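S.K.: Provide a 3D model corresponding to the input given below.
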Amino acid sequence: MRTTLTLITLGLSLTLGACEYYDCGPGCDNDCDPWEDDCDDHGWDDDPWDDNDDDDPEADADTDVDADTDTDTPDDPPAADITFELTPSEAEQGDVFIGSLSMGGEDAPGYDAISEVTFYGDVEVLAADVRSYEVLVSMAVATDAEGTVDLLVELEDGSAIWADAVLTIYPDGSGHEADGAGEPDPCE
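M.R.: This next block holds a predicted model:
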């Protein structure tokens, strides 16, 4: 019986000692709960790389991780060298045209790797046909469209490529028709 009482007393004194150690200070309402987040200073060392219990940066200098080294996340792979160009790259409000989407760059896969082409802007894709050397896209530009149109190309392997401003939309009658009507005839 005496041994049990001693262990209970020892456990009680360890618990009370822990409450004193984790006391958050004046104004803190969780004196015995170190896991509550409403106090800033819990009285323990938060730095997993700090072997010292003091707050002296000079004493911890040899145990700190280099600021330029990130051990939690791997480096991002370099961006693939793949570009897309839509011809024509200009259209007017209300234009309906057939465009040719070509791909270039050192890392460009074959056209057969393209699973989906999505344009983001004031255009409607009427039809798309992937060929061995291009993607033909029938498009209609909204009558109130303005600005640029971006492109998202999804590949069979699940990756995707974003291209900014593949098409610029101008006001109707500005001489930027998609069919080239505003351009001079090279045969004349």
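
S.K.: from now on I want contacts and neighbour counts done on CA atoms only, so please keep to that.
M.R.: Fine.

S.K.: tell me where the model's unsure across this structure.
M.R.: Within the chain, the stretches with pLDDT under 70 are 1-74, 180-188.

S.K.: cutoff 80 now
M.R.: For the chain, the stretches with pLDDT under 80 are 1-80, 179-188.

S.K.: which segments of it make up each domain?
M.R.: What automatic domain parsing lists as the domains of the chain is 1-69, 83-170.

S.K.: ends of the last one, how far apart?
M.R.: Between the opening and closing residues of domain 83-170 there is a gap of 23 Å (Cα to Cα, to the nearest Å).

S.K.: show me what whichever strand or helix holds residue 85 pairs with in its sheet, parallel or antiparallel.
M.R.: Secondary structure assigned from DSSP states H and E places residue 85 in strand 83-87. Strand 83-87 pairs in its sheet with strand 96-104 (antiparallel), by DSSP bridges.

S.K.: what does the strand it pairs with rub up against?
M.R.: 82-88, 111, 133-141, 178-179 (Cα atoms under 8 Å, 6 or more residues apart in numbering).

S.K.: ditto for stretch 125-136
M.R.: With Cα under 8 Å, 6+ apart, stretch 125-136 has contacts from 98-103, 110-112, 114, 119, 137-140.

S.K.: okay then, goodbye and thanks.
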